[in-house]
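Visitor: Would you be able to build a 3D model of this:
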Amino acid sequence: MSTTLLQELYQETRRLYIAGSELAVEDIRLRKLLPRFQQLGEKAPIFKRLGDQIESIMDQNNDVSSAERLQNLTLLLSSVLHTQGSVTVEGDLKPLGVNHPQDVSLSSPTTYSYRKLAPVVQALSTTGGGRLEVIDHAFKEGIFQDIRLMPLAIQGLYDAYSEIAELMIYKIVPSYGLAILPYLRDIFNPQGDKKEVRKLTAIHTIAQEHQLDLLDWYGELSRSASDDIRATAIRFLSGHEQYVPECIAWTKEKKKTVRASAYYALAGSDSSEAIACLLTASAGKDLEYVVEAVRYQEVSADLEAQLATVFASDVEQVIQSEHQESVEYKAIEKIAERLLLFGKMWTHSQNETVHQSYQDMLQHYTYLYNLSASHQITDWRNLLWDAARYIEHVGTSKDLELLYEVSEKDADFVPSAFRLSLQMLSPKQVYDHYIGGMVAQMKAKINKEAKKRLGKVIATMRPMLLENAYESVSLGHQEQHVYTQKILPLAEVEQKWDKRWLEFAMKQDDVELVAALARPGVAGVEEFLRQKLQDNPEFRNRTATLILRALEERLGISKEDKRQLMWQAIDDRRNSNSYMFEPYIIHSFLEFPVEDIERLEALLPENREATIPKFRGYAAEQLEFVVHTLKGMK
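Guide: Residues are numbered from 1 along each chain as shown. Here you go, the predicted model:
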């Protein structure tokens, strides 16, 4: 007898045990299984009995409780499955362990209840959204230390969702420690594809954490494994001088991934042979591999200095072309392509030679910009942005003046100049420069560019003042992850931002900036926010929540005052059809007195006659949780 259909039914009964037997009546999956059992029941009586049990569970008029009917089905199904199963184990049993000075064994607990494991099992056995949060939460709770989850954790290395696979590679599988290594190596296929690369990376992660030397094994894989495995193993040779000659040879191979990995390994070496090979490659078609090799690891000061010299030479060659009678624009375009690649190297390090070269580029902004505008060498504008972003993080007075000068010519450079000014100047100086200077220009009727620059300033301020992030909220039986908007602590705003920005934001009628900059002692700010809440009462957008946050966290209104404002917003006819509350609103509801319970219950969809409910979907679930919690406080 084939057990596939029986196993499918068994999975559904397990799910209903967790979700609740009363949901079986309307269960779509169970309804789809019923015809198949009825069809097989014509030939095999046991399938007919199972079909009858399924039909009984879905019968709304049955006098027997849904829990008892589900129990009867499961008992019959388990009996059938046990008669079909095999309890013999093929192969030789051997302990999981490793020969190592430390005493290691895989002795994880198996004390977690199935109810605790079930969501993790489902997340690792299915596809779809929301799985990452479940898996990550389980890992942080230590649930993966239950040995029953280990096979699923290893299977998770192959997960189609890359973020889940990375969590398995770098955290969850390595958390089992040295004891899992023999098993991983035993099932590792050196001739495999990219899926096996994930397994190899997990092995390397464990070896690094426990200072286990697998260098000889990596060397063997680098010579004889499949191309995907070779490329990964070669990277693990970085910094080991005895492999430099082989890595230099591997840079000549046709396979791009192997060449790229060979350069990566060489970049971790201090030897003159390795540096010479990398410099030679930087002058040719393999420059992109050299850049990636240097970008993602610590390299020697000698290598960085020599590459910076090559970069500076290319910049100087282009700048000198400004005074030449005949310019080879095709050659300049090639240099621009090279410099864009070079620029990726310097995103994580500061080099004085590179710094000087970027300053030179901005000093010659007009010429380089015209190369883009007049000769379609678009890379030069991108290079100027690279220069602005680089010197923005170095932060000298010369850099600030350069950025001011360039941003006057091109508003797209305002964000870099503004961010650097915040680092170098006092809050008063920043406000005076940007608002004082720009407003004066606007009044002088040279307003088009001034308005554009001011718009860039406000757009740059917004993400500095408002944090967009996912925030967790527990509803008892489940954890929800909701995208929300937070404001900075009051002390940070008062320290970094002149209070005149708040007055300016009110004049601009920018409710987000007002909420983000709100502070006590500024005339009219509380009245402004209260009016905006009255104008924008809907909880289906973030404005209402943001205003309430500002009123409470910045201006210190009382809990009772906040409650009254929330009821005014809820009762507003425009506040309808909300699908989800932000965590701040849920926590605020939980501060309501118990006398508000009936009023909150009346908002639930089943208690309203309105065609469009005020709150539906997740918002209804959240509101039910609030009501249930408040009732428990009576």
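Visitor: buried ones in stretch 419-428?
Guide: Of all the residues in stretch 419-428, those buried under the rule 16 or more other CB atoms under 10 Å are Arg419, Leu420, Ser421, Leu422, Pro427. No exception for glycine: its C-beta is placed from N, CA and C like everyone else's.
Visitor: ok now it, how far from the chain's centre?
Guide: 30 Å (CA atoms, centre = their mean, to the nearest Å).
Visitor: Quick check: end-to-end length of it?
Guide: In stretch 419-428, first residue to last residue: 15 Å (CA to CA, to the nearest Å).
Visitor: The closest residue to Val511 other than its chain neighbours: which element?
Guide: In space, and not counting its chain neighbours, Val511 is closest to Lys532: 4.7 Å by CB to CB, 6 or more residues apart in numbering. Element membership for Lys532 (DSSP states H and E) is helix 525-535.
Visitor: All the strands of this protein, residue numbers only.
Guide: 466-474, 479-487 (DSSP state E).
Visitor: Go through the ones you listed and pick out the most buried.
Guide: strand 479-487 (a mean of 17; mean count of other CB atoms under 10 Å).
Visitor: avg pLDDT for that one?
Guide: The pLDDT scores in strand 479-487 average 80.
Visitor: From the contact counts, what lies against it?
Guide: Here strand 479-487 touches helix 131-140, strand 466-474, helix 542-549, helix 583-589, going by 3 or more CB pairs under 8 Å, 6 or more residues apart in numbering; DSSP states H and E.
Visitor: Kindly recompute the last result at 7 Å.
Guide: Strand 479-487 sits against strand 466-474, helix 542-549, helix 583-589, with contacts defined as 3 or more CB pairs under 7 Å, 6 or more residues apart in numbering; DSSP states H and E.
Visitor: Can you list the strands that the longest one pairs with?
Guide: To tie it back to what came earlier, the one meant is strand 466-474. strand 479-487 (antiparallel) (DSSP bridges).
Visitor: what does the partner strand contact?
Guide: 133, 137, 466-473, 515-516, 542, 546, 549-550, 553, 580, 582-584, 618 (CB atoms under 7 Å, 6 or more residues apart in numbering).
Visitor: closest to Ile332 among the buried residues of stretch 419-428?
Guide: Leu420 (28.6 Å; CB to CB).
Visitor: Is it correct that the closest one is in contact with Glu392?
Guide: Yes - between Leu420 and Glu392 there is a contact under CB atoms under 7 Å: 4.8 Å.
Visitor: And the pLDDT at Gln84?
Guide: Looking at Gln84, the pLDDT reads 66.
Visitor: chain center to stretch 529-538, what's the gap?
Guide: 32 Å.
Visitor: Enumerate the positions of it that are buried.
Guide: Buried residues in stretch 529-538 (16+ other CB under 10 Å): Leu529, Arg530, Lys532, Leu533, Asn536, Pro537.
Visitor: Tell me which stretches of the stretch 351-500 of the chain form helices.
Guide: Taking DSSP state H, counting those that start in this stretch, the helices of the stretch 351-500 of the chain run over residues 352-363, 365-375, 379-394, 397-409, 414-424, 427-431, 437-443, 447-465, 490-496, 500-507.
Visitor: Switch the ones you listed over to a markdown table; also include distance to Asp286.
Guide: Converted to a markdown table, the helices of the stretch 351-500 of the chain look like this (distance: least, CB to CB, whole Å):
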| stretch | distance to Asp286 |
| --- | --- |
| helix 352-363 | 21 |
| helix 365-375 | 26 |
| helix 379-394 | 19 |
| helix 397-409 | 33 |
| helix 414-424 | 31 |
| helix 427-431 | 45 |
| helix 437-443 | 47 |
| helix 447-465 | 37 |
| helix 490-496 | 45 |
| helix 500-507 | 49 |
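Visitor: Pick out the shakiest of these, pLDDT-wise.
Guide: helix 437-443 (a mean of 55).
Visitor: Mean confidence (pLDDT) on stretch 21-38, please.
Guide: Averaging pLDDT along stretch 21-38 gives 81.
Visitor: Tell me the buried residues in that stretch?
Guide: Ser21, Ala24, Asp27, Leu30, Leu33, Leu34, Phe37, Gln38.
Visitor: do the same with stretch 279-293
Guide: Ala281, Ser282, Asp286, Leu287, Glu288, Tyr289, Val290, Val291, Glu292, Ala293.
Visitor: so of these, which ones are in helices?
Guide: Ala281, Ser282, Leu287, Glu288, Tyr289, Val290, Val291, Glu292, Ala293 (DSSP state H).
Visitor: Return the member of the residues you listed nearest to Pro605.
Guide: Glu292 (53.6 Å).
Visitor: Local confidence estimate at the nearest residue to that closest one once chain neighbours are set aside?
Guide: Excluding its sequence neighbours, the residue lying closest to Glu292 (CB to CB, 6+ apart) is Ala260, at 6.5 Å. As predicted, Ala260 sits at a pLDDT of 96.
Visitor: and Ala260, how far is that from Leu623?
Guide: 54 Å (CB to CB, to the nearest Å).
Visitor: I'd like the helices and strands packed on strand 479-487 written out as a markdown table, with mean pLDDT and distance to Lys496 added.
Guide: Shown next, in a markdown table, are those (pLDDT from 0 to 100; distance: least, CB to CB, whole Å):
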| stretch | mean pLDDT | distance to Lys496 |
| --- | --- | --- |
| strand 466-474 | 81 | 14 |
| helix 542-549 | 93 | 19 |
| helix 583-589 | 91 | 23 |
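Visitor: neighbours around Gly632, how many?
Guide: 8 (other CB atoms under 10 Å).
Visitor: er, Leu475 actually
Guide: Leu475, neighbours per other CB under 10 Å, totals 16.
Visitor: shouldn't it be in contact with Phe625?
Guide: Yes - here Leu475 reaches Phe625: they are 4.4 Å apart, a contact under CB under 7 Å.
Visitor: quick one: terminal-to-terminal distance for stretch 230-248?
Guide: End-to-end distance (CA to CA), stretch 230-248: 15 Å.
Visitor: That should have said stretch 59-66, apologies.
Guide: Span of stretch 59-66 from end to end, CA to CA: 9 Å.
Visitor: Pull out the buried positions in that stretch.
Guide: Result for stretch 59-66 [16+ other CB under 10 Å]: buried residues Ser66.
Visitor: so for the helix holding Lys532, what's the average pLDDT?
Guide: Rounded mean pLDDT across helix 525-535 is 96.
Visitor: And the pLDDT at Ala518?
Guide: On the pLDDT scale, Ala518 is placed at 97.
Visitor: so who does it touch?
Guide: Contacts of Ala518 (CB under 7 Å, 6+ apart): Leu502, Val525, Leu529, Ala550, Arg554, Leu555.
Visitor: Ranking by neighbours, what's the top pick from those residues?
Guide: When neighbours are counted by other CB under 10 Å, Ala550 leads those with 26 neighbours.
Visitor: That one touches Leu529, doesn't it?
Guide: Yes - because the distance of 5.8 Å satisfies CB under 7 Å, Ala550 is recorded as touching Leu529.
Visitor: anything in contact with each of the two?
Guide: Joint contacts of Ala550 and Leu529 (CB under 7 Å, 6+ apart) are Ala515, Ala518.
Visitor: on that earlier part again, how about the buried residues of stretch 419-428 in a markdown table, adding distance to Asp571?
Guide: Formatted as a markdown table, the buried residues of stretch 419-428 follow (distance: CB to CB, whole Å):
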| residue | distance to Asp571 |
| --- | --- |
| Arg419 | 43 |
| Leu420 | 48 |
| Ser421 | 46 |
| Leu422 | 42 |
| Pro427 | 41 |
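Visitor: Pick the one among those residues closest to Gln208.
Guide: Arg419 (36.2 Å).
Visitor: and the gap between that closest one and Gly395?
Guide: Following CB to CB, the distance that separates Arg419 from Gly395 is 10 Å.
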